[in-house]
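Visitor: could you look at this predicted model? Sequence included:
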Amino acid sequence: MAEEKNDTGGTLEDEDEGADDPNLQLELNAFRTQWMSELTLCSGASDLSGRLLRAKGLKRTQDIAREEKATELFLRAVQEEQNGAVYEAIKFYRMAMQLVPDIEFKINYSRPPDADRGGGSYMDNDVDGEIEDLLSYFEQELTLESSFPKICTPEMDLTQMHISALPREILMYIFRWVVSSDLDMRALEQLSLVCRGFYICSRDPEIWHLACSRVWGRKCTKLVPFKSWREMFLQRPRVRFDGVYISKTSYIRQGEESLDGFYRAWHHVEYYRYLRFFPDGHVFMVTTPEDPLLVVPRLRTKNIRMDSVLLGHFRLSQETDNQTKVFAVVCKKKEKATEFQRNRFCRRNPPPEAEHSFHVGLQLCSGGRQSFSKLVWIHHSCHITYKLSGETVITAFDLDSMYTPFFFARVKSYTAFSDQPL
């Protein structure tokens, strides 16, 4: 027992001596300090990472909400633009672009543009982003919007009657006045840009069938190989009625020698030929040195007052070689006998009565970007028919460099007014 007490006392003494050791105390203090600093850093890092995660989540939520708002505004703008409200559409487009600048590339067009208004879906199966059958697409949209669809809807409240209140039959009659008897199909195409309803009306097959019948006659009853009457009118070769075909010819002619023989004059001769076609088969031909700015306005109507004008008819011919040719027969206007022709000498020696007519053959071509805008000479002859004997003398002209091709020039004033409906 005494030994155990002695051992225990020795151990306690050793511990007291270790506790009084200054190096050990320094190491313990350094360990505690390092441990506390590590604990502080770990707690601070975890708090910082938590704050960063929360900030990222909040930013992502804000971005999603901003993108959804921009998508809603952009689709609303699309709907307003389709309804014809351009200024409202621009306002919504601007608001959407301010929220998300590239919203146009992030939007999903497979969803309805405005669910509250029951708009149609933006189903697009074409790779290039174009709707294949725009007519069926617009008709489907109008059917989905209402069980009794209207041609168009007013953008704002009106006190007077809107054009959408008119029956479709009356509206189609107005469209026939727009096309008019001059076959101004360009105005019809511009009218189709107003709204979806006008686009549907402008694609009415009856209008385009009437236009084709006016151009190619009553024999135009089959669509083959074309898919529609509109496609036939746009792609089948024909002469144009909304302008004039102009041919400019110029050459240098040698003049007479001077009296002293030192020089000989040379003259630069320049003149124009004009061809104006009408849908009813009439044609005007004018040869004059006057500038087109002076002549073209005078060819607007059939009541032309020019001495050099030749009046006649034309027809289109589709040859077996798949070339379209234009044949015209023109002659001068019949004039009354003048005072000189009424005198006694003329009554005693009357000139032989004869009729002069000119036969013209042209080949229809496409020049530049415009279709059917070039006419190339293939035939020109003069026929003189004597009334007493019935004999006809034909003189054919050589088609040399003096017969330059005709090129079409559109004239807006020719279709500015409508005299009769289609």
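Guide: Received, thanks. Numbers count the residues shown, from 1 in each chain.
Visitor: got the contact list for the spatially closest residue to residue 196 that is not a sequence neighbour?
Guide: Excluding its sequence neighbours, the residue lying closest to residue 196 (CB to CB, 6 or more residues apart in numbering) is residue 138, at 4.2 Å. All C-beta atoms are positioned from the backbone trio N, CA, C, and that covers glycine. Residue 138 makes contacts with 196-197, 199-200, as judged by CB atoms under 8 Å, 6 or more residues apart in numbering.
Visitor: continuing past the longest strand along the chain, what's the next helix or strand?
Guide: If each strand of the chain is counted by residues according to DSSP state E, the longest one is strand 370-386. Once strand 370-386 ends, the next helix or strand along the chain (criterion: DSSP states H and E) is strand 392-396.
Visitor: name the helices or strands packed onto the strand or helix carrying residue 89?
Guide: Here residue 89 sits within helix 86-99, counting by DSSP H and E. In this structure, helix 86-99 makes packing contacts with helix 22-82, judged by 3 or more CB pairs under 8 Å, 6 or more residues apart in numbering; DSSP states H and E.
Visitor: name the helices or strands packed onto the helix it packs on?
Guide: helix 86-99, helix 103-106.
Visitor: so in that sheet, which strands flank the longest strand of the chain, and in what orientation?
Guide: If you go by DSSP bridges, strand 370-386 pairs up with strand 354-367 (antiparallel), strand 392-396 (antiparallel), strand 406-410 (antiparallel).
Visitor: mind listing what residue 278 touches?
Guide: Residue 278 neighbours (CB under 8 Å, 6+ apart): 182, 241, 302.
Visitor: for the last one, give me its contacts.
Guide: If I follow you right, that is residue 302. 278, 282, 284.
Visitor: wait, the second one sits on residue 310?
Guide: No. Between residue 282 and residue 310 no contact is recorded; they are 11.4 Å apart, counting by CB atoms under 8 Å.
Visitor: of these two, who's got more company?
Guide: Ranked by neighbour count (other CB atoms under 10 Å), residue 282 and residue 310 place residue 310 first, with 21 against 15.
Visitor: so that one, which state does it fall into?
Guide: Secondary structure assignment for residue 310 (DSSP: H, G, I helix; E, B strand; the rest coil): strand.
Visitor: again, but for residue 222
Guide: Quick answer, by three-state DSSP: residue 222 is coil.
Visitor: go ahead and confirm residue 316 touches residue 326.
Guide: Yes. Under the criterion of CB under 8 Å, residue 316 makes contact with residue 326 at 6.1 Å.
Visitor: and for these two, which residues touch both?
Guide: Joint contacts of residue 316 and residue 326 (CB under 8 Å, 6+ apart) are 239, 364.
Visitor: who has more neighbours, these two?
Guide: residue 326 (23 against 17).
Visitor: relative to residue 164, which of the contacts of residue 138 is nearest.
Guide: residue 197 (7.5 Å; CB to CB).
Visitor: what is the neighbour count of the closest one?
Guide: 22.
Visitor: help me confirm that it comes into contact with residue 141.
Guide: No. Under the criterion of CB under 8 Å, residue 197 makes no contact with residue 141, lying 10.3 Å away.
Visitor: give me the neighbour count for residue 241.
Guide: Neighbours of residue 241 (other CB under 10 Å): 20.
Visitor: tell me the phi and psi of it?
Guide: Note on residue 241: its backbone torsions stand at phi -110, psi -10 [degrees, to the nearest 10].
Visitor: residue 416 too?
Guide: phi -80, psi -30.
Visitor: same question, residue 157
Guide: phi -70, psi 130.
Visitor: then residue 402?
Guide: Given degrees, to the nearest 10, the pair of backbone angles that residue 402 has is phi -70, psi -20.
Visitor: same thing with the one 10 residues further on?
Guide: Note on residue 412: backbone dihedrals following degrees, to the nearest 10 are phi -70, psi -30.
Visitor: residue 220 touches residue 212, doesn't it?
Guide: Yes. Between residue 220 and residue 212 there is a contact under CB under 8 Å: 4.9 Å.
Visitor: quick one, which of those two is more surrounded?
Guide: More neighbours surround residue 212 than the other of residue 220 and residue 212, with 21 against 17 (other CB under 10 Å).
Visitor: contact partners for the more buried one?
Guide: Applying CB under 8 Å, 6+ apart, the residues near residue 212 are 220, 229, 232-233, 236.
Visitor: that older thread, residue 81 is nearest to which of the strands paired with strand 370-386?
Guide: Of all these, strand 406-410 comes closest under CB to CB, at 29.6 Å.
Visitor: what comes up buried for that closest one?
Guide: 406-408 (16 or more other CB atoms under 10 Å).
Visitor: remind me which residues of the chain are low pLDDT?
Guide: Applying pLDDT under 70 to the chain flags the ranges 1-22, 39-50, 108-132, 142-149, 319-321, 335-352.
Visitor: all the helices of the stretch 101-250 of the chain, residue numbers only.
Guide: 103-106, 134-145, 168-179, 185-191, 196-202, 205-216, 229-235 (DSSP state H, counting those that start in this stretch).
Visitor: for those helices, state which one has the densest average packing.
Guide: Sort the helices of the stretch 101-250 of the chain by mean neighbour count, taking mean count of other CB atoms under 10 Å, and helix 196-202 sits at the top with a mean of 21.
Visitor: what's that helix packed up against?
Guide: Using 3+ CB pairs under 8 Å, 6+ apart, helix 196-202 is in contact with helix 134-145, helix 168-179, helix 185-191.
Visitor: redo those helices as JSON lines? Include distance to residue 225.
Guide: Shown next, in JSON lines, are the helices and strands packed on helix 196-202 (distance: least, CB to CB, whole Å):
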{"stretch": "helix 134-145", "distance to residue 225": "20"}
{"stretch": "helix 168-179", "distance to residue 225": "25"}
{"stretch": "helix 185-191", "distance to residue 225": "21"}
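Visitor: tell me the spacing between the residue nearest to residue 365 when sequence neighbours are not counted and residue 358.
Guide: With CB to CB, 6+ apart as the criterion, residue 365 has its nearest non-adjacent residue at 4.2 Å, and that residue is residue 374. For residue 374, the distance to residue 358 equals 21 Å [CB to CB, to the nearest Å].
Visitor: residue 55 now?
Guide: 89 Å.
Visitor: for the two, indicate the residue with more neighbours.
Guide: Just comparing residue 55 and residue 358: by other CB under 10 Å the higher neighbour count belongs to residue 358, 18 against 10.
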